[in-house]
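Undergrad: sequence and predicted structure are below.
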Amino acid sequence: MADFLQNVMDHAVAVARKAGEVVCSALSDERKIMTKSSAVDLVTQTDQRVEQLIIQSVKEKFPSHRFIGEESVAAGESCILTDEPTWIIDPIDGTTNFVHTFPFVAVSIGFSVNKRVEVGVVYSCLEDKMFTARRGKGAFCNGEALQVSEQTDIHQAIIATEFGSNRDLKAVDHIFFSLRNILTLPVHGVRGAGTAAVNMCLVALGCVEAYYEIGIHVWDIAAGLLIVSEAGGVLMDVTGGDVDLMSRRIVAANNKTIAEKVIEQIDPFTPPRDDAPPLDK
Ligand code: LIP
């Protein structure tokens, strides 16, 4: 199993780097911008092309494996995680950043077996930072070992979060109430890279104490959650308890003390699950 997972990791790194080259070279191209769940939930032909590049490359080496890809799901493929070896792919995490050439754009590739993420790769391609983790083997950035921050005082923390692409007023009220609670603790600062995967890598790097968000998808977090835990961090649901990959809710923190302080401030809501049956059209 160990050699198999190393083969998976090696392939994930190679295809993430190649995908990142395509993303970076497309930055100067004219972009056809389309929308999905809302007027601000953007997708481009580069997202779609890169996802197909990754899937085709994996199929050649691992023909029996399954896929959960952001743009495949958007095109109607199922988003059901089984025990089978599954590649969980966000071809461009930070699509809005990509459209605006805001410099945080990542290729995120998670790999799960028996519904447990075993390999995580996040390539922040404009920074040329390759974040990797194998379960039980540590987390790395360009080969350097990662360790989360040792901070336990929330008042000396930087917290990352995002506003997401849901503009429903009730959801926005929850998001702003949580942000208000965090800001007035107070904390040193609140930041957002515009991509869940990079936000989670910032936790693993130790420069952000926690990241939380409600509204993300399994492909945004599958790789990042392993990178955080292998860097010594913790993953929880926004109401405490274990993180649920399909729940669209996450808290990724350097330790339980900070995680629980963040959870106390969050005004939770429950988006439709990633694996919920499709609504009848
Ligand atoms: C993005 C996430 C981010 C969220 C955005 C968007 P995408 O993923 O990484 O955390 O706030 O709304 O979902 O769509 O760029 O792959």
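TA: Perfect, thanks for sending it.

Undergrad: does L5 belong to a helix or a strand, and which?
TA: Using DSSP states H and E, L5 sits within helix 2-26.

Undergrad: so which other helices or strands are in contact with that helix?
TA: When contacts are defined as 3 or more CB pairs under 8 Å, 6 or more residues apart in numbering; DSSP states H and E, helix 2-26 sits against helix 45-61, strand 86-93, strand 106-113, strand 116-124, strand 129-134. To be clear about C-beta, it is placed using only N, CA and C from the backbone, and glycine gets the same treatment.

Undergrad: rerun at 10 Å
TA: Contact here means 3 or more CB pairs under 10 Å, 6 or more residues apart in numbering; DSSP states H and E; on that basis helix 2-26 packs against helix 45-61, strand 86-93, helix 95-100, strand 106-113, strand 116-124, strand 129-134.

Undergrad: with mean neighbour count and distance to the ligand as extra columns, can I get those in JSON lines?
TA: Formatted as JSON lines, the helices and strands packed on helix 2-26 follow (neighbours: other CB atoms under 10 Å; distance: least, CB to the nearest ligand atom, whole Å):
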{"stretch": "helix 45-61", "mean neighbour count": "18", "distance to the ligand": "8"}
{"stretch": "strand 86-93", "mean neighbour count": "28", "distance to the ligand": "4"}
{"stretch": "helix 95-100", "mean neighbour count": "20", "distance to the ligand": "4"}
{"stretch": "strand 106-113", "mean neighbour count": "29", "distance to the ligand": "8"}
{"stretch": "strand 116-124", "mean neighbour count": "26", "distance to the ligand": "11"}
{"stretch": "strand 129-134", "mean neighbour count": "24", "distance to the ligand": "14"}
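
Undergrad: now tabulate the ones you listed in CSV and tack on mean pLDDT.
TA: As requested, the helices and strands packed on helix 2-26 are exported to CSV (pLDDT from 0 to 100):
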stretch, mean pLDDT
helix 45-61, 97
strand 86-93, 98
helix 95-100, 96
strand 106-113, 98
strand 116-124, 98
strand 129-134, 98
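
Undergrad: that older thread, quick one: is the following helix or strand past the helix holding L5 near the ligand?
TA: Tracing the chain past helix 2-26, the next element assigned as helix or strand by DSSP H and E is strand 33-35. No. With CB under 6 Å from any ligand atom as the measure, strand 33-35 is seen stopping short of the ligand, the closest distance being 11.1 Å.

Undergrad: residues contacting N199?
TA: Contacts here follow CB atoms under 10 Å, 6 or more residues apart in numbering; on that basis N199 touches 93-94, 104, 106, 159-162, 191-193, 208, 210-213, 216, 220-221, 224, 228, 250, 252.

Undergrad: which ones among the residues you listed are found in helices?
TA: Those of those mapping onto helices are 220-221, 224, 228, per DSSP state H.

Undergrad: a markdown table for the helices and strands packed on helix 2-26, including distance to D242?
TA: Putting the helices and strands packed on helix 2-26 into a markdown table (distance: least, CB to CB, whole Å) gives the following:
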| stretch | distance to D242 |
| --- | --- |
| helix 45-61 | 28 |
| strand 86-93 | 18 |
| helix 95-100 | 29 |
| strand 106-113 | 15 |
| strand 116-124 | 12 |
| strand 129-134 | 18 |
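
Undergrad: and the ones in helices among the contacts of N199 near the ligand, which?
TA: Near the ligand, taking CB under 6 Å from any ligand atom as the test, the members of the ones in helices among the contacts of N199 found are D220.
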